[in-house]
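>>> Let me see the structure of the following:
(chains A and B)
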Amino acid sequence: MASEVNTDFLHNKKLDSIAADILRPVGITQGFIVWMGFLGISLMACIYAYYIQWDKGLIVTGLRDYISWGMYIANFVFFVATSLVGMLISSVLGLIGFKWVKPIARIAEIIAVAFAAIAGLVIVSDMGRPERLPYVFMYGRIQSPIIWDVTVVTTYLVISTLLYFLPMIPDLAISKGRIGHTPKWLQKTYQILSVNWNHTPKQYKILLKAVRIMLILIIPTAFAIHTVTSWLFAVTLRPGWDSSIFGPYFLTGAFVAGSAAVVIMMYFVRTNYKLDKYLTEHHFDMMGKLLVLVSIVYLYFNINEYLVPGYKMKTAEAIHLNDLFVGEWAFMFWSVQLLGLVIPILLLLFKFFRKPFPMFVISIVVLIAAWFKRLIIVVPTQDHPFLPIQHVPKAWMVYQPTVVESAITIGTLLLVVIIITVLVKFFPVIPIWEMAEEQNEIDSKSKE
Amino acid sequence: MSHNSNSAGHQHSNRDEDNVNSRRAFFKNAGLFSAVTVAGGAAIYSGYKYEESKAGHDMVKVLTSDNRIVEVPRDEIKDVKVDADQLRKQGREGLKGHRFVMVIDLAKCRNARKCITACQGAHHLRPYEYHINTLVMQESEHTAPYFMPKPCQHCDNPPCVAVCPVDATFKRQDGIVLIDNERCIGCRFCIAACPYSARLFHWEEPLMAESDKGKPYNIELNVPQRKGTISKCLFSSDRLREGKLPYCVSACPNGVYYFGDENQDAVTNGTTKETFRLSELLKVNAGYQLMPELGTKPRVYYLPPKNRLFEFKEEKNPVQETT
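Numbers count the residues shown, from 1 in each chain, chains lettered A, B, ... in the order given. Below you'll find the model as predicted:
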């Protein structure tokens, strides 16, 4: 991001066509109503499932005393992981100066905001006493990693929201006169949110400075949220969790999940809103290379995480690893490692697979594998505590997720999709002014 | 030599002077003392007279909570209302001056499971909800299996307490780790952190939720139990407050349990009621702790399962058969 903005682009003829392209899908369309109706009704069913859990207690889940963290915690880790991509794309790549991330940055921030916002709800779904959530703030003990997690996730959500909103202010000002086809209240919202922006160079200067500070601040925050999330496991003594590389292991895994989520959303935006002029094959190609890079780094940490204890086979670790490699969890473990990591790396090395549609398919597989990967990190460790599980009902010895539990988990995913849909349909999903500015640069260069 | 006698003479003359000084001081102090005595005595007397006029000075002997017998006027005795606040306060503080400790003799455990039922009865638990559970253990393929009762180890470095986000589970001055189910948010981080699997969670309404409704919550008994919160072994701290042995210890028919105070270096066998020196018992029998390599510093000691005079008979899972 340049420190100076040449506001000439406001007078460039191309601005109108760029704004028209990007604002065309904004507003309430029939498709939007049908889609939201579908999401809404499905969500009602999931809320009913949560009501059942609220009423009867966590007995309605497959969790019991020995495997007491399951799908909900895995889902929480997945949510925090996926939200990290906001930091990777806008911050790390943006600050380094990669121009191609410009049209993708807002998509990445939408994913960051949506997943981080719902991550908090996911953790509440796991609580035995959700009405006591305020106790965390009233009686919080600084020694507990949960307090660290609450603090940093909240901070990350705030900074991500700012990183979504601040760069959009000029867009809202550009857009407010151009969205005549949308409802009055939305135009009013644009009016309010654009905070009297009138494109003075001074305003741009302040904006760029603010965004830059946020972009720097979000890096340690993002590192903190996923490292602390990994510590929820790593601070315990259990084989499979008792690992000193859990922080970077989680962090690098997060970038894989997040990059896949960004590609999926890019594909939807590109095809549904006919924005292939802005989300070009080049962007998919670059995202493909990014996905390969983060996957290789994650593979490296996977090898460390499993090979080193696997070489030693200490008694307790050995039981756990046998379960993963050749035992009960072997099918899921190898599916996740191959489909979610090894095969995508190999395929994405070829240019053909970095085209939009193959990328879309691969990313869906990677994202699903990423969810199950979290389940594999959370559950199998608890199957074999240090002391044997004895004299309890058979159902207590294995984790069998229930319908209610699955519905609640699906509900949280629906909420994410709802947030993403609303943000995409009500606000410009690609930065108009940055696209126009880029166009202006190209134009002035070609004139010379 | 001369140096010595010199110094002795010096001391002598000093003593004379001191005597004069102290004599003078004595008279001065005595005067002051008698004045204070008269004034104080008058005050006490008038106070006494006032008390006497108020009511007859009928004294009663009472036992204080720190086991002293004292006398107080009968009319000054007030009933202590044991309400939830009082119970929580005393429960969080613990019993001053004690460091409770348990010794479990594995050579004597025949899996009678009386400890378990007594515990579950006292704490209103279901047959498969354990504060204490007897496990079948076998160290390796060729070593003999044995029964191992496993309560909470009441670690001195408790991983569960460290991770609790809201101070619901805590370590008391007498070494006991308790849980406050009115504070617990049900995150189950403590379950994840405990290497001894000593904690249970109320996944549904507890067994006696209906009949316990409205009872003041006793943190030392963890009754009423609550849905969505943790429960765990409490070393029967309600019984310890009354000077009794824990429920499990008293219920054992086989003399497996010793319970006592590390500060007094004494433990009492729950079955025979014999008292032993803790250090001696551990030394003679090669006592050990469970997984001390984890650094948790347990307060429960085990005596090895040697010289057993009975046959090892593994029964079918009593719970699986019934549920």
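
>>> From here on, just use CA atoms for contacts and neighbour counts.
Will do.

>>> Phi and psi next, for the residue nearest to residue B:277 when sequence neighbours are not counted.
Computed as C-alpha to C-alpha, 6 or more residues apart in numbering or on different chains, the closest residue to residue B:277 that is not its neighbour in sequence is residue B:266, at 4.6 Å. Main-chain dihedrals, residue B:266, degrees, to the nearest 10: phi -140, psi 140.

>>> Please apply the same query to residue A:288.
Per degrees, to the nearest 10, the backbone of residue A:288 is at phi -60, psi -40.

>>> The closest residue to it other than its chain neighbours: how many residues sit nearby?
In space, and not counting its chain neighbours, residue A:288 is closest to residue A:354: 5.3 Å by C-alpha to C-alpha, 6+ apart. Other residues lying near residue A:354 total 24 when counted by other C-alpha atoms under 10 Å in any protein chain shown.

>>> wait, what's in contact with residue A:354?
A:284-285, A:287-289, A:348 (C-alpha atoms under 8 Å, 6 or more residues apart in numbering or on different chains).

>>> roughly how far apart are it and chain B?
42 Å (C-alpha to the nearest C-alpha, to the nearest Å).

>>> Can you read off the pLDDT for that residue?
For residue A:354, the pLDDT comes out at 97.

>>> go on, residue B:321?
pLDDT, residue B:321: 44.

>>> ok, back up a step: return the residues in contact with the residue nearest to residue B:277.
B:260, B:275-278.

>>> Just the ones of those residues in strands?
Cross-referencing the contacts of residue B:266 against strands under DSSP state E gives B:260, B:275-277.

>>> just to revisit the earlier point, any chance of a PyMOL selection covering the buried ones in the contacts of residue B:266?
Isolation of the buried members of the contacts of residue B:266 (16 or more other C-alpha atoms under 10 Å in any protein chain shown) is achieved in PyMOL through the command below:
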select buried, chain B and resi 260+276+278
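
>>> Output the contacts of residue B:266 in CSV; the columns should cover pLDDT and distance to residue B:67.
Putting the contacts of residue B:266 into CSV (pLDDT from 0 to 100; distance: C-alpha to C-alpha, whole Å) gives the following:
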residue, pLDDT, distance to residue B:67
B:260, 97, 16
B:275, 97, 20
B:276, 97, 22
B:277, 97, 22
B:278, 97, 22
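
>>> So which of the contacts of residue B:266 is the closest to residue A:27?
Closest approach between the contacts of residue B:266 and residue A:27, by C-alpha to C-alpha: residue B:260, at 74.0 Å.

>>> and the closest residue to residue B:229 other than its chain neighbours, what is it in contact with?
What sits nearest to residue B:229 in space, not counting adjacent residues and going by C-alpha to C-alpha, 6+ apart, is residue B:186, at 4.9 Å. By C-alpha under 8 Å, 6+ apart, residue B:186 lies in contact with A:127-130, B:201, B:228-230.

>>> for chain A, what are the nearby residues on the stretch 1-150 of chain B?
Contacts of the stretch 1-150 of chain B with chain A, taken as C-alpha under 8 Å from any C-alpha of the partner chain, map to B:128, B:135-137.

>>> Now the buried members of those.
B:128, B:135-136.

>>> how many neighbours does whatever residue of chain A ends up closest to chain B have?
Nearest residue of chain A to chain B: residue A:128, at 3.9 Å (C-alpha to the nearest C-alpha). Residue A:128 has 26 neighbours, counted by other C-alpha under 10 Å.

>>> in which helix or strand would I find it?
Assigned by DSSP states H and E, residue A:128 belongs to no helix or strand.

>>> Spit out the contact partners of it.
Residues near residue A:128 by C-alpha under 8 Å, 6+ apart: A:57-58, B:185-187, B:203, B:227-229.

>>> which one of those has the most neighbours?
Busiest of these [other C-alpha under 10 Å] is residue A:58, holding 29 neighbours.

>>> Name all residues that make contact with that one.
Per C-alpha under 8 Å, 6+ apart, neighbours of residue A:58: A:128, B:203-204, B:228.

>>> Would you mind listing the two of those that lie farthest apart?
A:128 and B:204 (9.7 Å).

>>> between these two, what contacts are shared?
A:57-58, B:227-228.

>>> Of those, which is the nearest to residue B:157?
residue B:228 (25.7 Å).

>>> secondary structure element for residue 286?
Going with chain A. With DSSP H and E as criterion, residue A:286 is part of helix A:281-312.

>>> what does the next helix or strand after that helix contact?
Tracing the chain past helix A:281-312, the next element assigned as helix or strand by DSSP H and E is helix A:315-325. Contact partners of helix A:315-325, identified using C-alpha under 8 Å, 6+ apart, comprise A:239-240, A:306, A:309-310, A:329-330, A:333-334, A:380-381, A:384, A:386.

>>> just checking, which of the residues you listed belong to helices?
Under the assignment DSSP state H, these contribute A:306, A:309-310, A:330, A:333-334, A:380-381 to helices.

>>> quick revisit: from the contacts of residue A:58, which is closest to residue A:110?
Nearest member of those to residue A:110, counting by C-alpha to C-alpha, is residue A:128, at 30.5 Å.

>>> How is the closest residue to residue A:396 other than its chain neighbours classified with respect to secondary structure?
Leaving aside its chain neighbours, residue A:396 sits nearest to residue A:64 (5.6 Å; criterion: C-alpha to C-alpha, 6+ apart). Secondary structure state of residue A:64, per DSSP: H, G, I helix; E, B strand; the rest coil, is coil.

>>> now swap in the one 5 residues further on and tell me
Three states are possible here, and by three-state DSSP the one that applies to residue A:69 is coil.

>>> For it, list the residues it contacts.
Contacts of residue A:69 by C-alpha under 8 Å, 6+ apart are A:63, A:378-379, B:188, B:192.

>>> Looks to me like residue A:108 is in a helix.
Yes: the assignment for residue A:108 is a helix, going by three-state DSSP.

>>> Was I right to think it contacts residue A:89?
Yes: Residue A:108 lies in contact with residue A:89 (C-alpha atoms under 8 Å); the separation is 6.7 Å.

>>> Comparing the two, which residue is more hemmed in?
residue A:108 (29 against 26).

>>> So, low pLDDT: which residues of the stretch 201-350 of chain A?
Within the stretch 201-350 of chain A, not a single segment meets pLDDT under 70.

>>> Residues of it that sit close to chain B?
A:232-233, A:235-238.

>>> now residue A:155, nearest residue through space, not along the chain?
residue A:221 (7.2 Å).

>>> Same check on residue A:121?
In space, residue A:121 is closest to residue A:412, 7.6 Å off (C-alpha to C-alpha, 6+ apart).

>>> quick one, what contacts the one you found?
A:118, A:121-122.

>>> Could you give me the buried positions within the one helix or strand it maps to?
Counting by DSSP H and E, the element that carries residue A:412 is helix A:403-426. Neighbour counts over helix A:403-426 (16+ other C-alpha under 10 Å) mark A:404-426 as buried.

>>> Can you list the strands that whatever helix or strand residue B:135 lives in pairs with?
If you go by DSSP H and E, residue B:135 is part of strand B:133-137. The strands beside strand B:133-137 in its sheet (DSSP bridges) come out as strand B:146-150 (antiparallel).

>>> coming back round to it: got JSON lines for the ones in strands among the contacts of residue B:266, with distance to residue B:143 too?
Below are those laid out as JSON lines (distance: C-alpha to C-alpha, whole Å):
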{"residue": "B:260", "distance to residue B:143": "31"}
{"residue": "B:275", "distance to residue B:143": "32"}
{"residue": "B:276", "distance to residue B:143": "30"}
{"residue": "B:277", "distance to residue B:143": "30"}
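
>>> from those, which is closest to chain A?
Closest to chain A, out of all of the ones in strands among the contacts of residue B:266 and judged by C-alpha to the nearest C-alpha, is residue B:260, at 25.5 Å.

>>> where does the residue lying closest to that closest one once chain neighbours are set aside land in three-state SS?
Nearest residue to residue B:260, sequence neighbours excluded (C-alpha to C-alpha, 6+ apart): residue B:267, at 3.9 Å. Of the three states, residue B:267 takes strand according to three-state DSSP.
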